[in-house]
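K.L.:
here's my sequence, what's the structure:
(2 chains)
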Amino acid sequence: MNWLKFVAIPLVLTSAVVSAEVAVVVHPSNAVSLDQAEISRLFTGRGATFSNGSKATPLNLAESAPARAEFDSKVLGKSSSQMKAYWSKLVFTGKGTPPKELGTDADVKAAVAADASAIGYIDVASVDASVKVIGKF
Amino acid sequence: MKKSLIATLLCAGLVSGNAVAEVDISGFASVVGGKVLSGEGVPEFGLEPTFLANYPIVGFYEEDWSFKPDSKYGLQISADLAEGLTATAQLVGRGADDFNAEFEWAYLSYALNEHWTLQAGKKRLPLYYYSDFFDVSYAYLWIRPAADNYTWQIFNYNGVNAQFNYQVSDWTVSGNIYTGREDDTENKLLSEFFGSQPVREIWKNIVGGVLSLNRDWLDLRFTYMTYQNERYRNGVQVTWDGDDARRGKFAGISANVDYNNWVVLTEFNRLTLDGSDFDTYLLSAGYRVGQWTPFVSFADFDAEAEMHSTTSIGARWDFHSSAAFKVQYDDVTDDGIDGQMVAGDSKAITFGIDLVF
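P.N.:
Residues are numbered from 1 along each chain as shown, chains lettered A, B, ... in the order given. Predicted structure coming up:
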């Protein structure tokens, strides 16, 4: 009986999440274009360079930022829990290190604006001229 | 000796006041309780009803509630020494060992380039799919990878490892090749569970490799390892047909699918030791419903006289961003003959929380 309740509550919570658009951003001087698969590769540690061969530094948002769950689900196709399980496998076997996490959209914008190799994502509403949008999801 | 040397080197690296070192501390923990609901034990060994949940560390449940067999914590310290060099140590304490912390991993890593990394030190042997992250239960579906598959008494090695990672069109091609040895002066499984005399177990001339192919929802893994086994029981060298060493060859294939909300996990492995085959396989399926993933699983071990399997049903609940609750029911059938029973038939319930930080 209680069991059913446990199952039902998470279902309601999951469907109640409001979606907002996420903008993937790079330094204004970065001329790359990336599709979803290439972005996903950078944020899952499967690739470390942009398509032109230059180094890429992915920057994640902290889980407390609303755009994080949006990005994980729309771009990576996973829940934040699944991503955490994925990274814990790599981190504790010496096979990878997750992208650095920043607290807010403003932190990501500041970091991306200051680093030509950076790639991050923020809520579309937070976009301004300090960064260049290369995709919206 | 070797262990403490590596640990000392790592610690020296960590505290030498290297101004550029960036030290990361992360960890994992599992608190799991359970009990045998019913079981036969093995009367001829005088064994009470027992569910052997973890062979190598001899973690087993009996008819009273216990929170030790599957509980553990791990602390990883990783120092980025810049220019591609990293020192990593992982301390693991397990309930089955009264939570005494030991260095389970202690290695130096050097990134040669974007694709290749060299490592040296003490690591987990990457035999089965889940071998090298066996302790990090948060990273997989069940309370533990199937006990019937993960039975081998040696799970670490000291040596060198080269790992690679390439992108080939839509496939991520990664893996590693490794060589080394392990000398376990008092092997827990052989000394305490499969015997009552101290057994020193040596796996030497270990050479192995892993190849993983991933794309979207498909994950394929191939593994191979060969080693020479030497053993001393009560200080006296064990011989096999007059030889004081025997060769083992381990091969395995794993195919995992994560498609929409379905998860299908499989692995098939064979160890050939001195001409005898030890076959294991695991088949698991789960379906994600929001934060819940109910699953069913079947695992089997088949050798000439040792035969056992486990049917499991359970669920994982990702109730928190860094923690998961799991509950699992395991039904073990032990069909061992000629004195090759392990722990007899059993039905057991276990539940607990896994977390990472």
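K.L.:
tell me, how many residues neighbour residue 123?
P.N.:
Chain wasn't specified; assuming chain A. Other residues lying near residue A:123 total 19 when counted by other C-beta atoms under 10 Å in any protein chain shown. For every residue, glycine as well, the C-beta is placed using N, CA and C.
K.L.:
nope, chain B
P.N.:
25.
K.L.:
pretty sure it contacts residue B:108?
P.N.:
No: judged on C-beta atoms under 8 Å, residue B:123 makes no contact with residue B:108 at a distance of 10.9 Å.
K.L.:
common neighbours of these two, please.
P.N.:
The contact sets of residue B:123 and residue B:108 do not overlap (C-beta atoms under 8 Å, 6 or more residues apart in numbering or on different chains).
K.L.:
isn't residue B:82 up against residue B:111?
P.N.:
No: with contact defined as C-beta under 8 Å, residue B:82 does not reach residue B:111; the gap is 10.9 Å.
K.L.:
neighbour count winner among those two?
P.N.:
More neighbours surround residue B:111 than the other of residue B:82 and residue B:111, with 16 against 12 (other C-beta under 10 Å).
K.L.:
OK, contacts around residue B:295?
P.N.:
B:141, B:142, B:263, B:284, B:285, B:286, B:287, B:312, B:313, B:314, B:315, B:316 are the contacts of residue B:295 under C-beta under 8 Å, 6+ apart.
K.L.:
next, count neighbours for the residue lying closest to residue B:241 once chain neighbours are set aside.
P.N.:
Take residue B:241 and drop its neighbours on the chain: the residue closest to it by C-beta to C-beta, 6 or more residues apart in numbering or on different chains is residue B:274, 7.7 Å away. By other C-beta under 10 Å, 12 other residues sit near residue B:274.
K.L.:
ditto for residue A:108
P.N.:
Number of residues near residue A:108 (other C-beta under 10 Å) recorded here: 27.
K.L.:
so what's it closest to, chain neighbours aside?
P.N.:
residue A:120 (4.1 Å).
K.L.:
tell me the SS of that neighbour?
P.N.:
Assigned by DSSP: H, G, I helix; E, B strand; the rest coil, the conformation of residue A:120 is strand.
K.L.:
and residue B:339, by the same measure?
P.N.:
Applying three-state DSSP: residue B:339 is coil.
K.L.:
is it in contact with residue B:44, as I believe?
P.N.:
Yes: in this structure, residue B:339 is within contact of residue B:44 by C-beta under 8 Å, at 7.3 Å.
K.L.:
which bits of the stretch 1-150 of chain B sit near chain A?
P.N.:
B:26, B:28, B:74, B:76, B:88, B:90, B:105, B:107, B:109, B:114, B:119, B:123-124, B:126, B:132-133, B:135-136, B:138-140 (C-beta under 8 Å from any C-beta of the partner chain).
K.L.:
quick one, grab the pLDDT at residue 17.
P.N.:
Just going to use chain A. The model reports residue A:17 with a pLDDT of 49.
K.L.:
can you look at chain B instead?
P.N.:
49.
K.L.:
identify the bridge partners of residue B:200.
P.N.:
residue B:232 (DSSP bridges).
K.L.:
burial measure for it, as a count.
P.N.:
So residue B:200, with other C-beta under 10 Å, has 19 neighbours.
K.L.:
isn't it up against residue B:182?
P.N.:
No: using C-beta under 8 Å as the test, residue B:200 is too far from residue B:182 to be in contact (11.0 Å).
K.L.:
in three-state terms, label residue A:90 for me.
P.N.:
Assignment for residue A:90 (three-state DSSP): helix.
K.L.:
could you pull out the helices for chain A?
P.N.:
With helices called from DSSP state H, chain A shows them at A:2-15, A:36-43, A:66-74, A:80-91, A:105-113.
K.L.:
so what's whichever residue of the stretch 1-150 of chain B sits closest to chain A up against?
P.N.:
Nearest residue of the stretch 1-150 of chain B to chain A (C-beta to the nearest C-beta) works out as residue B:139 at 4.2 Å. For residue B:139, the contacting residues are A:85, A:86, A:88, A:89, A:92, B:133, B:356, by C-beta under 8 Å, 6+ apart.
K.L.:
roughly how far apart are residue A:31 and residue A:50?
P.N.:
9 Å (C-beta to C-beta, to the nearest Å).
K.L.:
those two: which has the busier surroundings?
P.N.:
Comparing residue A:31 with residue A:50 by other C-beta under 10 Å, the one with more neighbours is residue A:50, at 19 against 11.
K.L.:
from residue B:171, how far out is the more buried one?
P.N.:
On the measure of C-beta to C-beta, residue A:50 and residue B:171 end up 19 Å apart.
K.L.:
same check on residue B:188?
P.N.:
Applying C-beta to C-beta to residue B:188 and residue B:171 gives a distance of 40 Å.
K.L.:
next one: residue A:21
P.N.:
Applying C-beta to C-beta, the value for residue A:21 to residue B:171 is 30 Å.
K.L.:
so which of these two has more stuff around it?
P.N.:
Between residue A:21 and residue B:171, residue B:171 has the larger neighbour count (other C-beta under 10 Å), namely 16 against 13.
K.L.:
read off the pLDDT value for the more buried one.
P.N.:
93.
K.L.:
leaving out chain neighbours, which residue sits closest to it?
P.N.:
Per C-beta to C-beta, 6+ apart, closest to residue B:171 is residue B:215, 4.9 Å.
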